Every structure is written in structure tokens, then in C-alpha cells.
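> can you look at this prediction? I've put the sequence above it.
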Amino acid sequence: MQDKTAVILMNTGSPAAPTAGALRTYLKDFLSDPRIIELPAWIWQPILRGIILRTRPAKSAERYKKIWMPDGSPLMVYSQKLVEALNERLSGNTTVAMAMKVGAPSVKTTVQRLKGEGYKRFIFFPMFAQYSTQTTESCLDSVRETENLDSEGFSWDWIKPYYDRHEFIDILAQKIALQRTAGAHLVMSFHGIPVKSIKKGSPYEHQCRQTAFEIARKLNLSEGEYSIAYQSRFGNDHWLQPYLTGHVEELVRKGTKAIDVVCLSFSVDCLETLEEIGIELKDHFIRVGGERFNLIACLNDDPQAVDFYLTLIEEKLNNPSF
Ligand SMILES: C=CC1=C(C)c2cc3[nH]c(cc4nc(cc5[nH]c(cc1n2)c(C)c5CCC(=O)O)C(CCC(=O)O)=C4C)c(C)c3C=C
Ligand SMILES: [Fe+2]
Ligand SMILES: [Fe+2]
């Protein structure tokens, strides 16, 4: 009989509550990750502790309050729904759980719990379609830091980025087609990262563009009907361009009055989609002269997405090299 296998969905994680105190703990952890801020600690930590952690927690808490759900942050609520949907479809020796890079549940506590329940094989599934050191690799760092995963009798592997998988493209194209508004320009938004990461060899930009081009091809969109932009710039470094805010201003200047925005770096809706795009960007678009703004939902626990994630999990389960 095969060893009991646990599949662990991974994401960045959310604060425990939409309060300044919880945000301080969360941001301290998040922004101390050398994958996120690639500066030597002796330069970065005084800035983080002396400036950022004095001002950002309260501001971020106000943003989280706007989108917080009765059961928690949208990221955690949708991730939990995904875990439940996948568990309903998997039987026998395989279970699905989640673990977050920052906050709870951590990889360490999740693995400890599952080991206690007799699980021997672990498949980690970073829920990011495009590879980046800031997300995928940061999640894998916490796996590597988890004690005894490589010890006798245990094994682990991970599911690779799926930015160009035809099932993924097909599902997204279908969702976009269903949620589009007539005559609107489609903005495909990806999370930004610093350009210096690309110069060091990150495939992230290439993978984002592949996702976008494949979706555009599937939807038969011509060049003027869609565009790519990068959201959420943090700090003063050069990040991937065009920056989303300036990009929508430019669209309005050129006469576009209606846009649909789809956020393709995220598997589930979160602060960065619901508040940053759905509230802040929408307000900005209307303020600068836009008329119709429509945010297309992430895949979340959509049944077709669940089918696709099952395919990726089953491919890994059946991989004899595991
Ligand atoms: C330099 C800073 C950051 C980089 C680079 C970055 C890349 C990056 N992030 C995501 C996805 C998520 N980020 C989330 C929260 C979050 N991210 C940063 C900073 C960087 N991210 C901060 C400071 C925060 C905290 C929130 C805030 O105060 O702005 C989240 C969680 C959101 C939630 O709902 O809880 C996600 C998801 C991607 C995909 C990405 C690069 C590819
Ligand atoms: Fe982020
Ligand atoms: Fe962000």
C-alpha cells in the first residue's frame, strides 16, 4: 500500500485580524523575508522598524477592514474552501491541508500535525501560476526550513508553476468571457516585482506575458482590445512596467471609458485584488474620467479550477520518481 500523502496548498498568508497590532506582527514577518526585500538586514531592519512599522500597520488595517469577511480574510476563507473542495474529491490515503508563508497555519505546525496523523509523503503546492522568488521560492524556503522533512521514511516534492498549462488558460478564458462587459478594454494585471529580479534571471515577467498572450489568443483578442500592467509597487525601486495606476490613466487619456480588470497573479481573491483593485483602482479610474470598471473574480474555489488542481495533484501522486 502507498504511504499516506498530504498535499499542502501554500500562499503568502494574511494578518490574524484587521487591526494595527495584528498588522504590525504580520508586516514585520512579511517584510523581514529576504526574498521580499533583497537588502542586507543591517540596512533594511532599521528602516523597517524605525519607519515602516510605525506607519503602515494602521493604514493597512484600514484597508483590510474594508474587505474582511465574517470568517476571516478573503485569502484565508477562499483557501479553506479550496482545501474542503479538494478533500471532497480525494479519497483513501491522500489529504489536503493549507500552510502560509506568513502567519498561521505555518508549514511547521501543519507538517507536525500531519506527521502525527501518520502522513509520510508531502506535496507542497504554492498557489502561484507564475514563478517568482518573492512567492514560490519564499514558500519553498519555509518548507526547507521545516525540520525532519528529509529524514528517514519521509519524502517531499512540490507542484511547479502552471502559467501556460492549457487547462489553466482555458478555464481563465472561459471565466473572463463570462464576466466581461460589452465593449470594455481588458486589463490583465500581474503583481509587480523589482526589475533587478528580472536582471538576475527571474522568469516571472516572461511567464506573466505567456499567461496573458495565451488567454488573449484563446479569447481572439486583438492588440488594442487588451493590455498587460503590473500592480502593487512597493518602495522606490524600478519595478516591472507599465505600473497599473498610470496605465489606466493613459487608457482614459486615449479615450477608453470602460475596463475589465483581471488579476492573474492570484489564485484566490485577497487584499490585493478586492481592495487595491476593486476599490482603490476603481475609484481612481472614475476620478480620472473612466466610466465603467469591472473587476473579474479570481478562480477561488471554482469547480473547474478544483478539477485542474486535482489534475496537477494526481500527476504528482502518480509520478514514479517521487
Ligand atoms: C517588496 C514588497 C513585495 C513584493 C515584491 C511582493 C510580491 C508579491 N506579492 C504577491 C501576493 C501577495 N502579497 C500579499 C501581501 C503583501 N505583499 C507585500 C509586499 C510585497 N509583495 C506586503 C507589504 C503585503 C501586506 C499587505 C500590505 O500591507 O500591503 C498578499 C496577501 C494579501 C492578503 O489578502 O492578506 C498576497 C496574496 C505576489 C503574487 C507577488 C509577486 C509575484
Ligand atoms: Fe505581496
Ligand atoms: Fe502587493
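Sure, I can see it. Numbering: from 1, shown residues only. Ligands and ions are numbered 1, 2, ... in the order given.
> which residues does the closest residue to ligand 3 within the stretch 101-250 of the chain contact?
Relative to ligand 3, the nearest point of the stretch 101-250 of the chain is S232 (3.3 Å; Cβ to the ion). C-betas here are computed from N, CA, C, even on glycine. Residues in contact with S232 (Cβ atoms under 8 Å, 6 or more residues apart in numbering) are 191-192, 244, 272, 276.
> let's see it at 10 Å
189-193, 239, 243-244, 263, 265, 271-272, 276-277 (Cβ atoms under 10 Å, 6 or more residues apart in numbering).
> restrict those to contacts with ligand 3.
Among those, the ones lying near ligand 3 by Cβ under 5 Å from the ion are E272.
> quick one: L244 from K120, how far?
44 Å (Cβ to Cβ, to the nearest Å).
> of these two, which one has the most company?
Comparing L244 with K120 by other Cβ atoms under 10 Å, the one with more neighbours is L244, at 25 against 16.
> L186: neighbour count?
Residues near L186, counting by other Cβ under 10 Å: 21.
> quick one: it from R144, how far?
38 Å.
> likewise R113?
To R144, R113 is 19 Å away according to Cβ to Cβ.
> skip the chain neighbours and tell me the closest residue to S132.
Excluding its sequence neighbours, the residue lying closest to S132 (Cβ to Cβ, 6 or more residues apart in numbering) is Y204, at 4.4 Å.
> check contacts around the one you found.
Contacts of Y204 by Cβ under 10 Å, 6+ apart are 128, 130-136, 161, 163, 190-193, 197-198, 240, 265.
> which residues of the chain lie near ligand 1?
12, 14, 27, 30-31, 36-37, 56, 60, 73, 75, 128, 132, 134-135, 191, 193, 234, 265-266, 270-272 (Cβ under 6 Å from any ligand atom).
> go with 5 Å
Residues of the chain lying close to ligand 1 (Cβ under 5 Å from any ligand atom) are 12, 14, 36, 60, 75, 132, 134-135, 191, 234, 265, 270-271.
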